[in-house]
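S.K.: Predicted model follows, preceded by the sequence.
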Amino acid sequence: MRFLLRRLAFYLFTAWAAITINFFLPRMLKGDPVTAYLQKNQGKVSPEAIDSLRTLFGLDSDASLWQQYLDYWGQLLSGDLGVSFSNGLAPVSQVITAAIPWTVGLVGLATIISFLLGTSAGAVIGWRRGSRADYAVPFATFFSTVPYFWMALVVIAIFSTTLGWLPASHAYDKGSVPGWSWDFAGEVIAHGTLPALTIIVSSLGGWILGMRNMMVTVLDDDYVTVAQAKGLRPRRVLTQYASRNAVLPQLQSFALSLGFIVGGTLVMEMVFSYPGLGKLLLDATNAKDYPLMQGLFLVITLAVLVANILADVAYAVLDPRTRQMES
Amino acid sequence: MTFTSVPDASDGALPTEPRRPTMASRVSASFAMFRNGKSIAGLIIVGFFVVLAVFADWIAPYDPLEKDFQALRQGPTAQHWLGTTHMGEDVFSQIVYGTRGVLIVGLVAGVLATLVAVIVGVTAGYVSGWKSESLSALTNVFLVIPGLPLIIIVASQYEDPSIVLISAVIAITGWAWGARVLRAQTMSLRHRDFVQAAKANGERLHRIIAVEMLPNLTAIIASSFVGTVTAAVLGLTTLAFIGVIPITNLNWGTILFWAQQNGAFPDYWWWYIPAGVCIALLGMALSLINFGIDEYVNPRLRSAGERARAMRKKGLSASSGVTAVRTAPADD
């Protein structure tokens, strides 16, 4: 419990830091695109929307910085992230909420599959060190450094354009309406397979290498030798003794590399025209839609923090030492 | 860094040692971490790209933006080894010149990020109490915040971001991992005997850090440098691909950006495959260097494969450990 509380305090601190960075970013950068936009579109933007944009971007320079900061927090806590220029002045929070399920579903699922597959494969490769399984290591290295977006392009070229097996873009067929039907679910799966495949192939190598190196280190420890000397079956030593300890650093690196994976998948979404947060961010970048960009950075960071908390809970479940600390 | 001119801890402990290590032996000792198959393979590939970048003017058959309107969207031919773009530009020349952009940003971002990592990491490891904890918390915040969205947002606020600005932004989001590892290593070094001895001798803080500690951290600093260069190369090409970086800055990502914008996918494979392969090759080479350093730091990684192979030759299985029974008669 103390372990989790400590971590929770850290995440609260990080969330505060991210929100504060978000507050200072537009104030530190030169130029004032928001004022320019408002002048160009006088009369179209409602006075309330102008007020909230002023607070978000620090245009109300007559107020003190501290007062601006307090206003900013008040606005965030009431869920007001301003209005999006490129989406017909719809509230940013509404635009983002529509995109979240697609990214969380696709990236979350694919990352977990990739982590499980890669960790199991890495455990076996480490267990059979010195055998032919070691030949997998250079391939894993190569694939772990391929950029996500390029892998996405190649996957589209092979499976969609050449073989014609799966659709190459969007999350569902044109003209169908999102709803809870088997037909629609089938479409979502068909459209999600290639993006998911891209994430799995690009990130699998890293998991394999990390787990393999931990296994090789752990297998030299005395308790593994003792377990084998006791005559336990190799499978039991592999799963219950060696892997269980080797997977702990793996979980930590899972939490730490989430930010990196999210970055890669954002661009991949653009290649697949997948209607998630990444495509939204890049569209916002191209349209110079600053309120939407700010809101997205905040939401993405908070999502990564939540995923980190989940990884910490898994760590506490697997490692009894973190639970013992309270006694 | 001036540690080559200073005796290391073992020399200080053994004043009667008659043979002082020469300059050459010290230099070769500090390169020991690169002296294994993986590191050498990685260094050769990186060296190849460096040669491409430095001698681009001689190697590239055309100017990267030279237009040949007789050959538009052509596959590889004798004149154009990797074909041409929609404007008749030579893809091979673009790749060769693009190497420059990639390596410069990788190097600048890597140096900046490593500097920050060393300063923050070593300080956090050496001081104790709330100072160490707060520096560590700062590091962790930067580790958790996703870098790429931040880079995209900052870079997109500028009309024409310069190379230095892009490198600096990549460095700001990329130093945290190295700082974390360095902090852990410095903390373990702080209590070693030779550091305690230096302290007892009344050596000043900056001398203890620069002379006693840094030489023992070189492997980790090198590995964090190589790691940030890898991340910078990926970050730069990604930014160029989504069009945040002005297209006047030619690099491999820009080639992919042009290919995407002008409908190269999927038919004109010669336009987009080579650039991606180059990114992956450079990334793999840098990872290989890092594996070599890892094996130098952690000898268990290095010897695991060799020992298991040796046991197999004797008819034993490494996986079944000590309970294995020799089936083949021993011939020695």
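M.R.: Yes, it's here.

S.K.: Averaging pLDDT per element, find the lowest-scoring helix or strand in the chain.
M.R.: All of this refers to chain A. Lowest by mean pLDDT, DSSP states H and E among the helices and strands of chain A is helix A:33-40, with a mean of 66.

S.K.: Based on its surroundings, how many neighbours for residue A:66?
M.R.: Neighbour count for residue A:66, taken as other CB atoms under 10 Å in any protein chain shown: 8. Heads up, the C-betas are built off the backbone N, CA and C, glycines and all.

S.K.: Check which helices and strands the helix or strand harbouring residue B:178 is in contact with.
M.R.: Here residue B:178 sits within helix B:176-190, counting by DSSP states H and E. In terms of contacts (3 or more CB pairs under 8 Å, 6 or more residues apart in numbering or on different chains; DSSP states H and E), helix B:176-190 is packed against helix B:91-126, helix B:130-144, helix B:214-242.

S.K.: So which bits of that helix are buried?
M.R.: Buried residues in helix B:176-190, counted by 16 or more other CB atoms under 10 Å in any protein chain shown: B:176-183, B:185-187, B:189-190.

S.K.: Check stretch B:41-57 too.
M.R.: Neighbour counts over stretch B:41-57 (16+ other CB under 10 Å) mark B:41, B:42, B:43, B:45, B:46, B:49, B:52, B:53, B:56 as buried.

S.K.: before we move on, the earlier item: not counting the helix holding residue B:178 itself, show me its contacts.
M.R.: Contacts to helix B:176-190, defined as CB atoms under 8 Å, 6 or more residues apart in numbering or on different chains, come from residues A:256, B:113-114, B:116-118, B:120-122, B:124-126, B:132, B:135-136, B:139-140, B:142-143, B:195, B:213, B:216-217, B:220-221, B:223-225, B:227-228.

S.K.: again, 7 Å this time
M.R.: Residues lying outside helix B:176-190 but in contact with it, judged by CB atoms under 7 Å, 6 or more residues apart in numbering or on different chains, are B:113-114, B:117-118, B:120-122, B:124-126, B:136, B:139, B:142-143, B:195, B:213, B:216-217, B:220, B:224, B:227-228.

S.K.: Show me how far it is from its chain's centre.
M.R.: Distance of helix B:176-190 from the chain centroid (CA atoms, centre = their mean, to the nearest Å) equals 18 Å.

S.K.: I'd like the next helix or strand past that helix.
M.R.: Scanning onward from helix B:176-190 (DSSP H and E), the first element met is helix B:193-200.

S.K.: before we move on, back to that, can you lay out the buried residues of stretch B:41-57 as TSV showing secondary structure and distance to residue B:100?
M.R.: Below are the buried residues of stretch B:41-57 laid out as TSV (DSSP: H, G, I helix; E, B strand; the rest coil; distance: CB to CB, whole Å):
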residue	secondary structure	distance to residue B:100
B:41	helix	23
B:42	helix	20
B:43	helix	19
B:45	helix	17
B:46	helix	14
B:49	helix	10
B:52	helix	8
B:53	helix	5
B:56	helix	6
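
S.K.: Can you show me the helices along the stretch 101-250 of chain A?
M.R.: A:109-127, A:136-145, A:148-155, A:182-219, A:222-229, A:234-236, A:244-272 (DSSP state H, counting those that start in this stretch).

S.K.: in what helix or strand does residue B:202 lie?
M.R.: Under the criterion DSSP H and E, no helix or strand holds residue B:202.

S.K.: and it, how far is that from residue B:208?
M.R.: Using CB to CB, to the nearest Å, we find residue B:202 at a distance of 10 Å from residue B:208.

S.K.: Between these two, which is the more surrounded one?
M.R.: residue B:208 (18 against 6).

S.K.: Of the buried residues of helix B:176-190, just say which sits nearest to chain A.
M.R.: residue B:177 (7.5 Å; CB to the nearest CB).

S.K.: roughly how far apart are that closest one and residue B:120?
M.R.: Residue B:177 is 12 Å from residue B:120, by CB to CB.

S.K.: Local confidence estimate at the residue in the stretch 101-250 of chain B that chain A sits nearest to?
M.R.: Relative to chain A, the nearest point of the stretch 101-250 of chain B is residue B:148 (2.9 Å; CB to the nearest CB). The per-residue pLDDT reported for residue B:148 equals 83.

S.K.: Correct me if wrong: residue B:251 contacts residue B:238.
M.R.: No: Residue B:251 sits out of contact with residue B:238 when judged by CB atoms under 7 Å, with a separation of 10.9 Å.

S.K.: still on that earlier bit, turn the buried residues of helix B:176-190 into a markdown table, columns for pLDDT.
M.R.: Formatted as a markdown table, the buried residues of helix B:176-190 follow (pLDDT from 0 to 100):
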| residue | pLDDT |
| --- | --- |
| B:176 | 87 |
| B:177 | 85 |
| B:178 | 87 |
| B:179 | 90 |
| B:180 | 86 |
| B:181 | 85 |
| B:182 | 88 |
| B:183 | 87 |
| B:185 | 85 |
| B:186 | 86 |
| B:187 | 84 |
| B:189 | 84 |
| B:190 | 82 |
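
S.K.: can you list the residues of the stretch 101-250 of chain B near chain A?
M.R.: B:137, B:140-141, B:143-150, B:152-153, B:156-157, B:230, B:234, B:237-238, B:241-242, B:244 (CB under 7 Å from any CB of the partner chain).

S.K.: Which PyMOL command selects the buried ones in these?
M.R.: A single PyMOL command selects the buried members of those (16+ other CB under 10 Å):
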select buried, chain B and resi 137+140+141+143+144+145+146+147+148+149+150+152+153+156+157+230+234+237+238+241+242+244
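
S.K.: Quick check, central residue of chain B?
M.R.: Central residue of chain B (CA atoms, centre = their mean): residue B:226, 1.6 Å from the mean position.

S.K.: Can you pull the residues of the stretch 51-200 of chain A lying near chain B?
M.R.: A:127-130, A:134, A:141-142, A:145-147, A:149-150, A:153, A:156-157, A:161-162.

S.K.: cutoff 6 Å now
M.R.: Residues of the stretch 51-200 of chain A lying close to chain B (CB under 6 Å from any CB of the partner chain) are A:127, A:129-130, A:134, A:141-142, A:145-147, A:149-150, A:153, A:157, A:161.

S.K.: Going by distance to residue A:266, which of the residues you listed wins?
M.R.: Residue A:266 lies nearest to residue A:149 out of those, by CB to CB, at 9.4 Å.

S.K.: got a list of what the closest one touches?
M.R.: A:267, A:268, A:271, B:241 (CB atoms under 6 Å, 6 or more residues apart in numbering or on different chains).

S.K.: Quick one: neighbours of the residue lying closest to residue B:88 once chain neighbours are set aside, just the number.
M.R.: With sequence-adjacent residues excluded and distances taken as CB to CB, 6 or more residues apart in numbering or on different chains, residue B:88 is closest to residue B:68, at 3.9 Å. By the criterion of other CB under 10 Å, residue B:68 has 16 neighbours.

S.K.: where does residue B:68 land in three-state SS?
M.R.: coil (DSSP: H, G, I helix; E, B strand; the rest coil).

S.K.: And the contacts of residue A:149, which is closest to residue A:321?
M.R.: The closest of those to residue A:321 turns out to be residue A:268 (CB to CB; 37.4 Å).

S.K.: ok, now which ones touch the closest one?
M.R.: Residue A:268 touches A:148, A:149, A:152, A:198, counting by CB under 6 Å, 6+ apart.

S.K.: ok, of the residues you listed, which one's closest to chain B?
M.R.: residue A:149 (5.7 Å).

S.K.: buried residues in stretch A:247-257?
M.R.: Buried, per 16+ other CB under 10 Å, within stretch A:247-257: A:247, A:248, A:249, A:250, A:251, A:253, A:254, A:255, A:256, A:257.
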